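Participant: based on what follows, work out the 3D shape:
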Amino acid sequence: MSDIDRLIETIVKYRNARDWKQFHNPKDSSIALSLEASEVMQHFLWQNKEEMDEYVKNHKSEIADELSDVLYWTLLMSYDLNIDILKAFDRKMKENKKKYPVKKAKGKHLKYTEYK
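Facilitator: Have a look, this model is predicted:
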């Protein structure tokens, strides 16, 4: 069993033990995922680089908790929608490599449509 499969199994058992599947339709699960991602961003709101660097040193555990919540919802949605998240990730990375070839993208923050 892969690490991803183990995580998904843990998540599904947790959810099913609480009879929460009834609430986990794609709309509500995607909203929960978005809200958790917003909680990650909240840690860095209004901070400059120095403040963020210091904040991360002192709040790594709290940030890790929020990232874990994002992972939870990502994996649960992939399970519920019958998406092989590892295959999807590999496919998406191949697409990204085409959109952002190293020769054009290295050291730049442009969107792929802005490359000439």
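Participant: next structured bit after the host helix or strand of R6?
Facilitator: Secondary structure assignment for R6, by DSSP states H and E: helix 3-17. Once the chain leaves helix 3-17, the next helix or strand it forms, by DSSP H and E, is helix 26-42.
Participant: between the longest helix seen in the chain and helix 3-17, how many degrees?
Facilitator: Longest helix in the chain, counting residues (DSSP state H): helix 49-80. With axes from the mean of the first three to the mean of the last three CA atoms, to 10 degrees as the basis, helix 49-80 and helix 3-17 are set at 70 degrees to each other.
Participant: give me the helices and strands touching the helix or strand just after helix 49-80, please.
Facilitator: Once helix 49-80 ends, the next helix or strand along the chain (criterion: DSSP H and E) is helix 85-99. With contacts taken as 3 or more CB pairs under 8 Å, 6 or more residues apart in numbering; DSSP states H and E, helix 85-99 sits against helix 49-80. Heads up, the C-betas are built off the backbone N, CA and C, glycines and all.
Participant: just checking, what packs against the helix it packs on?
Facilitator: Other elements packing on helix 49-80 under the criterion 3+ CB pairs under 8 Å, 6+ apart are helix 3-17, helix 26-42, helix 85-99.
Participant: columns mean neighbour count and mean pLDDT on top of the ones you listed, output as a markdown table?
Facilitator: Converted to a markdown table, the helices and strands packed on helix 49-80 look like this (neighbours: other CB atoms under 10 Å; pLDDT from 0 to 100):
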| stretch | mean neighbour count | mean pLDDT |
| --- | --- | --- |
| helix 3-17 | 13 | 97 |
| helix 26-42 | 13 | 98 |
| helix 85-99 | 11 | 96 |
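Participant: now the ones you listed in CSV, with distance to D53?
Facilitator: Converted to CSV, the helices and strands packed on helix 49-80 look like this (distance: least, CB to CB, whole Å):
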stretch, distance to D53
helix 3-17, 30
helix 26-42, 16
helix 85-99, 27
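Participant: looking at the ones you listed, spot the one closest to M52.
Facilitator: For the helices and strands packed on helix 49-80, the distance to M52 is smallest for helix 26-42, at 11.6 Å, taking CB to CB.
Participant: how big is the angle separating the closest one from helix 49-80?
Facilitator: Going by the same axes, to 10 degrees, helix 26-42 makes 160 degrees with helix 49-80.
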